[in-house]
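> Could you work out the structure for the sequence below:
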Amino acid sequence: SDDEDLEEFEKAEEFENKYNFRFEEPDAHVVKTYPRKIESSLRREKNARKRRREEKTKRKLELKKQREEEIKRLKNLKKEELKSR
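Residues are numbered from 1 along each chain as shown. Next up, the predicted model:
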C-alpha cells in the first residue's frame with residue numbers, strides 16, 4: 001500500500017512536472033552559440049566604412065605630402081633670396 005502510494009505520488013509528480021514545463025524550450029539548460037561569420041551565407045561583406053576610412057587616411061597623407069613639398073619649395077626660395085643678396 002505504501003509502495004503503491006509512493007508510485008502513484010511519483011506518477012503525479014512526473015505528470016505535474018511535464019505539464020508545468022510543457023511550453024519550455026527543449027534543451028533550455030544548454031546555452032546556444034552561433035558563429036560570428038557564417039561561411040555558407042550569401043550575404044556580401046560590407047566594407048564601405050573600411051574603404052572610406054582608408055580613403056580618408058590616403059587623402060590626409062597626400063595633403064601632408066603636398067604641404068611638406070610647399071614648405072620645401074618656400075625654404076628653397078628663401079635660400080636663393082638670401083644667396084642673391
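
> Nearest the middle, which residue of this structure would you pick?
The residue lying closest to the centre of the chain (C-alpha atoms, centre = their mean) is R36, at 7.9 Å.

> helix/strand/coil for that residue?
Per DSSP: H, G, I helix; E, B strand; the rest coil, the local secondary structure of R36 is coil.

> what about E54, neighbour count?
If you count neighbours by other C-beta atoms under 10 Å, E54 ends up with 11. Using the backbone N, CA and C atoms, a C-beta is placed for each residue, glycine as well.

> for the protein, longest helix please?
Determined from DSSP state H, the single longest helix within the chain is helix 48-84.

> Check the offset of that helix from the chain's centre.
Its chain's average C-alpha position is 36 Å from that of helix 48-84, according to C-alpha atoms, centre = their mean, to the nearest Å.

> for the record, mean pLDDT for that helix?
Helix 48-84 shows a mean pLDDT of 95.

> returning to that earlier point: now the residue nearest to the centre of the chain. Its backbone dihedrals?
Dihedral pair for R36: phi -70, psi -40, per degrees, to the nearest 10.

> now swap in the one 10 residues further on and tell me
For K46, the backbone dihedrals (degrees, to the nearest 10) come out as phi -100, psi 110.

> Please determine how far it is located from R52.
11 Å (C-beta to C-beta, to the nearest Å).

> Can you give the contact residues for the host helix or strand of A12?
Assessed by DSSP states H and E, A12 sits inside helix 2-20. By C-beta atoms under 8 Å, 6 or more residues apart in numbering, no residue outside helix 2-20 reaches it.

> May I have that helix as CSV, with CA atoms only?
Taking Å, rounded to 0.1, in the frame of the first residue of the first chain, the C-alpha atoms of helix 2-20 are listed here in CSV:
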residue,chain,number,x,y,z
ASP,A,2,2.9,2.4,0.8
ASP,A,3,4.7,1.4,-2.3
GLU,A,4,1.5,1.9,-4.4
ASP,A,5,1.0,5.4,-2.8
LEU,A,6,4.7,6.3,-3.4
GLU,A,7,4.4,5.1,-7.0
GLU,A,8,1.1,7.0,-7.5
PHE,A,9,2.7,10.1,-6.0
GLU,A,10,5.8,9.8,-8.3
LYS,A,11,3.5,9.5,-11.3
ALA,A,12,1.5,12.5,-10.3
GLU,A,13,4.7,14.5,-9.7
GLU,A,14,6.1,13.5,-13.1
PHE,A,15,2.8,14.5,-14.8
GLU,A,16,2.8,17.8,-13.0
ASN,A,17,6.4,18.4,-13.9
LYS,A,18,5.7,17.7,-17.6
TYR,A,19,2.5,19.8,-17.5
ASN,A,20,4.2,22.8,-15.9
